[in-house]
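Peer 1: pasted the sequence and its predicted model underneath.
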Amino acid sequence: MQVGSVIRRRVTNRGGTREERGRLKTQDYTRLRDSINGMYKASRAREAQLIDLFLADTLDVDDFLRLKNRNANAPKVAYQVCIDHERTWDKEPVGIKFRDRIEVNGPRVDEPWVQWTAAKFEGKVGVSPTQFLQICEQHKLIPLKIEGKNRSACTREFGIFLVLRRFRLMEGSFRDLSIELNAHRTRLQYLYAATIILYEVHYTDLATKVDVFRLAQPGALERLAKASMDVGAPYSHIIAYIDGKPVFTTRPGNRACKHQALQYNGNDIDVQKLFYTGYYHGHGIRLQFATFTDGIAIMTVDSLREHDQHVLNKSKLAVALRCLLVRDSSGKRVHPAAYGDPAYRETEVILRKHKGLRTTTQAHVDKKMQTARACAEDMFCTLAKTFKYFDNKNNFKILTRGQYTIAQELLAATILLNCFAILHGNQTTGLFKLDPPSLRNYFRDANAKCYVDY
């Protein structure tokens, strides 16, 4: 019998297979359950029949006990199997750590912006319920109903809330989320992954490209350039500041390697080598922010082994700046420029700090630009403070659960970080004393799908 064979394997070999630890495969567990249920039903039916006969005075006590013991082996075997499984789950095998089972108590929280108090919601998400609904209203390209794996679904507002709450927590926050919302952790993971992917599908241009139409409005570039001059910058046409930073991750696993290979048209590539650099002796990605003086930032992500100049070329920031014209202090129309550290190559639209032996004039210029250039460094600090999930202490993965990448999470974080800057301001807006655009103006060109393909 199937049940007996399972017991003999468990008794004679206490070691290492999934069946012997009690974690049976789905098919084996189904057969075992059916066998146990069948034996119990047969034994219960037989006992009921014997009791009826005994109560009808057709059997004496000795006959009843003899017939009952003849059929007693089946319930004993079934009972022993159940006891063994209970002992196996209670006893933690050596080298294997099981997660604590989360008990879901109380009603499920599907609308925390309504079910929670305003103070509790703002403390956990970072914005008030009214501001949160304003952000969700501008995400017009994200469907009203978000569908994840295994028939999981939620509203647009709940999906954005999951992303925000996940970013505000540290690593392992899905367990905390399931306790807070009285929902199953796996369902929250599926909905989170579906929302992150929707951000990449619909709002990649918003997070990675310069909004040329918004900056081409009359007086917009002059306002950004004047803000740089007000803090002591000697240049009259700088509107943005760029900087890059490494983000370390764990070594990509086999699933991540297969997933990334598909991104390269199925070519046979070594993904672990692609994201490894001997300079840092580890794997990771390189994140670059281009922060404008009004507090809005765009991001670019590439492999950790790539140089800052390569990431800048990939972002096509220089191409976008050459599409615009701004009047400098002398009234001449020139292309706006971005300022960075000495790692970048100096061009007409990319200025950098002088390196090597410097003259007195060059040293004076670099000293004046030091305060203004700090906004590019502040963007990484703002990201880590606002969204604790992106603290470098966490062990990021190139690909998480075969569904989404760290680059997709950073893309969504950049958009939400800009929304926070619009609502509350950030260190850049405080430094340059410049108001960011409204939420409607920030999302307008992305929702209309009219970004310039430069």
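Peer 2: Perfect, thanks for sending it. Numbers count the residues shown, from 1 in each chain.

Peer 1: per-residue confidence for V61?
Peer 2: The model reports V61 with a pLDDT of 54.

Peer 1: D366 now?
Peer 2: Listed pLDDT for D366 reads 85.

Peer 1: once you drop chain neighbours, what's closest to it?
Peer 2: What sits nearest to D366 in space, not counting adjacent residues and going by Cβ to Cβ, 6 or more residues apart in numbering, is K353, at 5.3 Å. All C-beta spots, glycine's among them, are computed from the backbone N, C-alpha and C.

Peer 1: my guess is that neighbour contacts M369. True?
Peer 2: Yes - applying Cβ atoms under 8 Å, one finds K353 in contact with M369, separated by 6.8 Å.

Peer 1: can you tell me how far the residue nearest to D366 is from A183?
Peer 2: 50 Å (Cβ to Cβ, to the nearest Å).

Peer 1: could you do S236 as well?
Peer 2: Using Cβ to Cβ, S236 is found at 54 Å from A183.

Peer 1: again with W116
Peer 2: Distance, W116 to A183, using Cβ to Cβ: 14 Å.

Peer 1: contacts only, for the residue lying closest to Y344 once chain neighbours are set aside.
Peer 2: Closest residue in space to Y344, ignoring its immediate chain neighbours: R352 at 5.0 Å, by Cβ to Cβ, 6+ apart. Contacts for R352 (Cβ atoms under 8 Å, 6 or more residues apart in numbering) come out as Y339, G340, D341, P342, A343, Y344, R345, E346.

Peer 1: for this protein, just list every one of the strands.
Peer 2: Listed in chain order, the strands of the chain (DSSP state E) span 145-147, 153-155, 238-249, 276-277, 282-292, 297-303, 326-327, 333-334, 337-340, 350-352, 399-400, 404-405.

Peer 1: now the weakest link among the ones you listed, please, by mean pLDDT.
Peer 2: Comparing mean pLDDT across those, the lowest value falls on strand 399-400: a mean of 74.

Peer 1: so which other helices or strands are in contact with it?
Peer 2: Judged by 3 or more Cβ pairs under 8 Å, 6 or more residues apart in numbering; DSSP states H and E, strand 399-400 is in contact with helix 254-263.

Peer 1: average pLDDT across the helix it packs on?
Peer 2: pLDDT averaged over helix 254-263 gives 60.

Peer 1: T347: how many residues sit nearby?
Peer 2: Using other Cβ atoms under 10 Å, T347 is surrounded by 14 other residues.

Peer 1: quick one: end-to-end distance for stretch 113-120.
Peer 2: Stretch 113-120 has an end-to-end distance of 9 Å (Cα to Cα, to the nearest Å).

Peer 1: what about Q309, distance to G284?
Peer 2: Q309 is 18 Å from G284, by Cβ to Cβ.

Peer 1: who has more neighbours out of those two?
Peer 2: G284 (21 against 14).

Peer 1: with distance to V201 added, can I get the strands of the chain in CSV?
Peer 2: Below are the strands of the chain laid out as CSV (distance: least, Cβ to Cβ, whole Å):
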stretch, distance to V201
strand 145-147, 12
strand 153-155, 17
strand 238-249, 22
strand 276-277, 29
strand 282-292, 20
strand 297-303, 16
strand 326-327, 33
strand 333-334, 37
strand 337-340, 28
strand 350-352, 31
strand 399-400, 17
strand 404-405, 12
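
Peer 1: of these, which is nearest D211?
Peer 2: The closest of the strands of the chain to D211 is strand 297-303. By Cβ to Cβ, the value is 8.6 Å.

Peer 1: much appreciated, bye for now.
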